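Trainee: next comes the sequence, and after it the predicted model I'd like to discuss.
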Amino acid sequence: MESSSRITVTQREQSMVMNDVKMMYEIYASVPPKTQRLMMELQRDNHMEYLLRGLQQLGPSFCVLDANRPWICYWILHSIALLGQSVDAALEDRTIDFLSRCQGPDGGYAGGPGQARSCFFLEDCCSTAVFIFYQMPHLATTYAAVNALITLGSDKSLLSIDRGKMYTFLKHMKDPSGAFRMHDEGEIDVRACYTAISVASMLNILDDDLVRNVGNYILSCQTYEGGIAGEPGSEAHGGYTFCGLATMILINEVNRLDLAALIDWVVFRQGVEGGFQGRANKLVDGCYSFWQSGPGEAEYHIDSPEATPESDISEGKESSDGTSSEGSQNASCPVNFDNVGFVSSEGLAEREPLFHGIALQRYILLCSQDPGGGLKDKPRKSRDYYHTCYCLSGLSVCQYSWLKDEDASPLPRAVLGPHSNLLEPIHPIFNVVLDRYHEAHEFFSRS
């Protein structure tokens, strides 16, 4: 039997993706410097046009996401905020009104305004029964709605959240085991724990009752690999690892995890392409630019020993002409990026980055960016709002260094391409733009 007949589907797909990425890097290396600069530039205007269009009108193909409409609001608004922009007053009012209609009468947010668009009828010879369906509040869309309203940032948007009813809803989602359910009689998993604790923390309603035994559940989901699964006995996954680690940080139980194994698992998810995969032996995906780099930056919120200053990190060094010497040191990529400049922090980071930030930025800008606006999973894929949100979030994580003092502003670390590529910094645990987080924290602390 020929060896080629033993190639698996996974191997074939991996080979195709690596060839696509290699081709993008080789194209970049072969074009004139002016074209290189354009390829490495974040297409801000095109991204904004794509995002604003989606916030106002979506086509029929989005019907499959009808129960995820607060998520679409969050993905788009967060992306706009990352680009340093905001929506006008009329669009903000419309968004607040829409999300308010998603808010359940007993707290929490559903995937869309209460009553469904349609109902159905059962008829017999004597009567007609009419069944009208409502979307029930759900922890995932609650998290998305709260983050969207915090991203809008006005007093009107923050006051639209009924914190009293929200606490009642979160208590109702609390399972006797200590974990949370996604919705009434719904599944229990790490997503539910993170979204509940994140919302409660952001709204300043987190208490001992909500925290009780959450840590035990998260701990039971850490696998032999070091990452965290969605539920006990499942495979470690990048999204769940972020959710589990962030939850444990928020409830001050992070040191119960095997952090060395967790970080080891995360950093080995960065592939030769420069981007991250979500699980072992899976394909690179642009959205994991945040889900896998986020734990690395969230780790800065953990009290740990001093580490190497950034001045000693090859990734953060500049040559005398202001360009990076990092590109030629990456043995996994033959393309030389020495002619791509970046800015470095003027201060010292507290510890060395846990992943290769320049390689990740390179993947996002060359392989995940749609020149016409929006970002995507990988070459050959189409742009969408989900990947736009999390690719930009990951790009922001790459660009900043966090200090041990979490109240200190992060410093620019290394921005691949022109300085105009620099995005707004985010809070790596909540994934909202940092200044909006501080405004919301102050608002809810006094109310």
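Mentor: Great, that's in hand.

Trainee: name the residues of the helix or strand encompassing residue 15 that are buried.
Mentor: Under the criterion of DSSP states H and E, residue 15 resides in helix 9-30. By neighbour count on 16 or more other Cβ atoms under 10 Å, the buried set for helix 9-30 is 14, 17, 21, 24, 25, 28. (Each C-beta comes from the backbone N, C-alpha and C, glycine too.)

Trainee: now stretch 149-163
Mentor: By neighbour count on 16+ other Cβ under 10 Å, the buried set for stretch 149-163 is 149, 150, 151, 152, 153, 154, 157, 158, 160, 161, 162, 163.

Trainee: and the helix or strand that residue 75 is a member of, what does it pack against?
Mentor: Residue 75 belongs to helix 69-82 when assigned by DSSP H and E. Contacts defined by 3 or more Cβ pairs under 8 Å, 6 or more residues apart in numbering; DSSP states H and E place helix 69-82 against helix 44-56, helix 89-102, helix 139-152, helix 385-399.

Trainee: what about the strands in this protein?
Mentor: Ranges of strands in the chain, per DSSP state E, are 115-123, 128-134, 400-401, 411-412.

Trainee: rank those by pLDDT, which is bottom?
Mentor: Per-stretch mean pLDDT for the strands of the chain is lowest at strand 115-123 (a mean of 41).

Trainee: from the buried residues of stretch 149-163, which is closest to residue 243?
Mentor: If you rank the buried residues of stretch 149-163 by distance to residue 243 using Cβ to Cβ, residue 150 comes first, at 18.2 Å.

Trainee: tell me the contacts of the nearest residue to that closest one once chain neighbours are set aside?
Mentor: In space, residue 150 comes closest to residue 440 once its chain neighbours are excluded; the distance is 4.5 Å by Cβ to Cβ, 6 or more residues apart in numbering. For residue 440, the contacting residues are 150, 153, 158, 202, 432, by Cβ atoms under 8 Å, 6 or more residues apart in numbering.

Trainee: distance of residue 440 relative to residue 147?
Mentor: 10 Å (Cβ to Cβ, to the nearest Å).

Trainee: mutual contacts of those two, please.
Mentor: Joint contacts of residue 440 and residue 147 (Cβ under 8 Å, 6+ apart) are 202, 432.

Trainee: I'd say residue 28 and residue 37 touch.
Mentor: No. Residue 28 is not in contact with residue 37 according to Cβ atoms under 8 Å; the separation is 10.5 Å.

Trainee: any idea of the pLDDT on the nearest residue to residue 95 once chain neighbours are set aside?
Mentor: Among residues not flanking residue 95 along the chain, residue 73 sits closest, at 6.0 Å (Cβ to Cβ, 6+ apart). With respect to pLDDT, residue 73 scores 97.

Trainee: OK, contacts around residue 73?
Mentor: 55, 95, 98, 99, 144, 145, 148.

Trainee: of those, which is the most crowded?
Mentor: residue 145 (29 neighbours; other Cβ atoms under 10 Å).

Trainee: my guess is it contacts residue 74, does it?
Mentor: Yes. Assessed by Cβ under 8 Å, residue 145 is found in contact with residue 74 at 7.3 Å.
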